[in-house]
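In: here is my input; please provide its structure:
(chains A, B and C)
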Amino acid sequence: MPEGPELHLASCYINTVCAGLIFSGKVEKSEVSKNPEVLFESDAYVISATSRGKEIKLTLTPLKEEKNTLSGRGRDREELSQNGLQQPMDLVFRFGMSGSFKFTSAAELPKHAHLWFYTKESPHRALCFVDCRRFGRWEVHGTWQPDRGPCVMLEYEKFRLKIPPFENARTVLEALQHRKQSPDLTLSKKVKLKQENPDLLELCRAVPMEVIHMGGMGYGPEHSDDAAAFEEWLQCYCVPGMRSLRDGNGRTIWFQGEPGPMAPKGKKSRKKRSRVNADPQPPSPKVTKPVPKRSSKGSSSQEKVAKRSGRKKGKELVQGAENAKAHEARKPNTRSRRKASASQASPTNEAPAADRKRQASARRSTGAVTAAPRSRRVKAE
DNA sequence: CGTCCACGTCTAC
DNA sequence: TAGACCTGGACGG
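Out: Numbering: from 1, shown residues only, chains lettered A, B, ... in the order given. Take a look at the predicted model:
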């Protein structure tokens, strides 16, 4: 699943489950995937992972002792050294909207597995790239995509754009003038100061870091325990009482309080199917009374999940003062999104299967961070 | 059953 | 800067 902290968690997951494990044989790809074949084969190899922003890199490293006999046939020359040994290989993945890694029994590969690596042991297990919507990509001999921004978490010192959404540049830049630090501080001291006195930029890192330190696999399909904890952690995204707006790209931005002077005006209803939504009411400028942080204390976690499951559509997109009412009215009808998952279909068979329920749309925190007004209040989102 | 929506890129106009 | 690329859950009728 695809956001910064999640990609990083996926790399941690891979390194954890693959620690000390020997993989063997060929790398297999589903029929339906349009991504490239991975022409790697080794009798014994190990897998490790690293992440950078929204990319993850797997490194397949054959063990030294290997005497490769047959596997070179028909393969690209560059894959093999002169003595026929399989060379190490990097694969770079992007997760699209629904990618993830799972480590499972090889006999029962997950539905929507599109690339998998077998362990040498018997019975075999497999590390699988699973991607229901198939927006995910991988590149053989991949490198970090050169024109991507730096990693918010691991390359913080390079991540200094300082541009909150819906604020105009002048305001942002002028505010930063007042935070000037002595120019003779070292970079690391500047970074330390920022950590101790977090501003929006610092929180762009701190928030994903919180997700990482939550442990587990965060959110995503079929991790109900983790997902409940994650939803409890969310302070803005899909939280009743918070507001949302669509930006110029049709992306829903969640925030608390005023959207800022450059907020998109209500006009721009969604492309194509917008007739129904042709917003009769202009966006209410009223500030929603903020839901107190952790106000749900005392209710059961199931209730909390249900409370957050209301969907926003049409004129509800801009949630103003009436939101609390609407939310209350909706509450009795909202279904829990938690559903058990069941069957295990063949990974090469992508026929629609109604018997498998997944949660492809868990909550996220990104909007909360990006749309947050500047101040400590950000922290409450 | 049909419509809307979702954690992201890509590329064709 | 619109679509395109996909599946499947939630919801409305």
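In: helix, strand, or coil at residue A:209?
Out: Residue A:209 falls in the helix class when you classify it by DSSP: H, G, I helix; E, B strand; the rest coil.
In: how near is it to residue A:157?
Out: Going from residue A:209 to residue A:157 by Cβ to Cβ, to the nearest Å gives 15 Å. Yep, even glycine has a C-beta here, placed from its N, CA and C like the rest.
In: likewise residue A:81?
Out: From residue A:81 to residue A:157 the distance is 38 Å (Cβ to Cβ).
In: and residue A:94, by the same measure?
Out: Distance from residue A:94 to residue A:157, by Cβ to Cβ: 24 Å.
In: quick one, which of those two is more surrounded?
Out: residue A:94 (19 against 11; other Cβ atoms under 10 Å).
In: which residue packs closest to the more buried one, ignoring adjacent ones?
Out: Leaving aside its sequence neighbours, residue A:94 sits nearest to residue A:137 (Cβ to Cβ, 6 or more residues apart in numbering; 4.9 Å).
In: equivalent analysis for residue A:212, please.
Out: Nearest non-adjacent residue to residue A:212, counting by Cβ to Cβ, 6+ apart: residue A:5, 5.3 Å away.
In: and what of residue A:35?
Out: Per Cβ to Cβ, 6+ apart, closest to residue A:35 is residue A:138, 5.2 Å.
In: pretty sure the one you found sits against residue A:89.
Out: No - taking contacts as Cβ atoms under 8 Å, residue A:138 lies outside contact range of residue A:89: 11.3 Å.
In: what touches both of the two?
Out: residue A:38 (Cβ atoms under 8 Å, 6 or more residues apart in numbering).
In: neighbour count for the two, which is higher?
Out: Taking other Cβ under 10 Å, residue A:138 and residue A:89 do not tie; residue A:138 has more neighbours (23 against 20).
In: and that one, what are its bridge partners?
Out: residue A:93 (DSSP bridges).
In: OK, contacts around it?
Out: Residue A:138 is in contact with A:35-36, A:38, A:91-94, A:115, A:129, counting by Cβ under 8 Å, 6+ apart.
In: what helix or strand is the closest residue to residue A:242 other than its chain neighbours located in?
Out: Nearest non-adjacent residue to residue A:242, counting by Cβ to Cβ, 6+ apart: residue A:236, 4.9 Å away. Element membership for residue A:236, per DSSP states H and E: none, as it lies in no helix or strand.
In: now residue A:236: how far from residue A:203?
Out: Residue A:236 is 12 Å from residue A:203, by Cβ to Cβ.
In: and residue A:127, by the same measure?
Out: 33 Å.
In: neighbour count for these two, which is higher?
Out: Neighbours were tallied for residue A:127 and for residue A:203 using other Cβ under 10 Å; the higher tally belongs to residue A:127 (25 against 21).
In: tell me which element the more buried one falls in.
Out: Counting by DSSP H and E, residue A:127 is part of strand A:125-131.
In: and residue A:253, by the same measure?
Out: Short version, using DSSP H and E: residue A:253 is in strand A:252-255.
In: which helices and strands sit right next to that strand?
Out: The contact analysis (3 or more Cβ pairs under 8 Å, 6 or more residues apart in numbering; DSSP states H and E) places strand A:252-255 against strand A:243-246, helix A:366-371.
In: report the mean per-residue pLDDT for the longest one.
Out: Mean per-residue pLDDT for helix A:366-371: 33.
In: next one: stretch A:43-51
Out: 98.
In: that stretch vs DNA strand B: in contact?
Out: No - Stretch A:43-51 lies out of reach of DNA strand B by Cβ under 7 Å from any atom of the strand, never closer than 12.5 Å.
In: what residues does the stretch 1-150 of chain A put near DNA strand B?
Out: For the stretch 1-150 of chain A, the residues in contact with DNA strand B (Cβ under 7 Å from any atom of the strand) are A:1-3, A:6, A:54, A:94-98, A:133, A:135, A:137, A:145.
In: please check those residues and keep the buried ones.
Out: A:1-3, A:6, A:54, A:94-96, A:98, A:137 (16 or more other Cβ atoms under 10 Å).
In: could I get the residues you listed as TSV with distance to residue A:45?
Out: Output for those, formatted as TSV (distance: Cβ to Cβ, whole Å):
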residue	distance to residue A:45
A:1	26
A:2	27
A:3	30
A:6	26
A:54	26
A:94	23
A:95	23
A:96	26
A:98	27
A:137	23
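In: those in helices, which ones?
Out: residue A:6 (DSSP state H).
In: pretty sure residue A:100 sits against residue A:131.
Out: Yes - at 7.2 Å, residue A:100 and residue A:131 qualify as touching, with contact defined as Cβ under 8 Å.
In: okay, now the unreliable bits of chain A?
Out: Residue ranges of chain A with pLDDT under 70: A:1-2, A:66-80, A:82, A:159, A:161-183, A:191, A:193-201, A:216-224, A:265-381.
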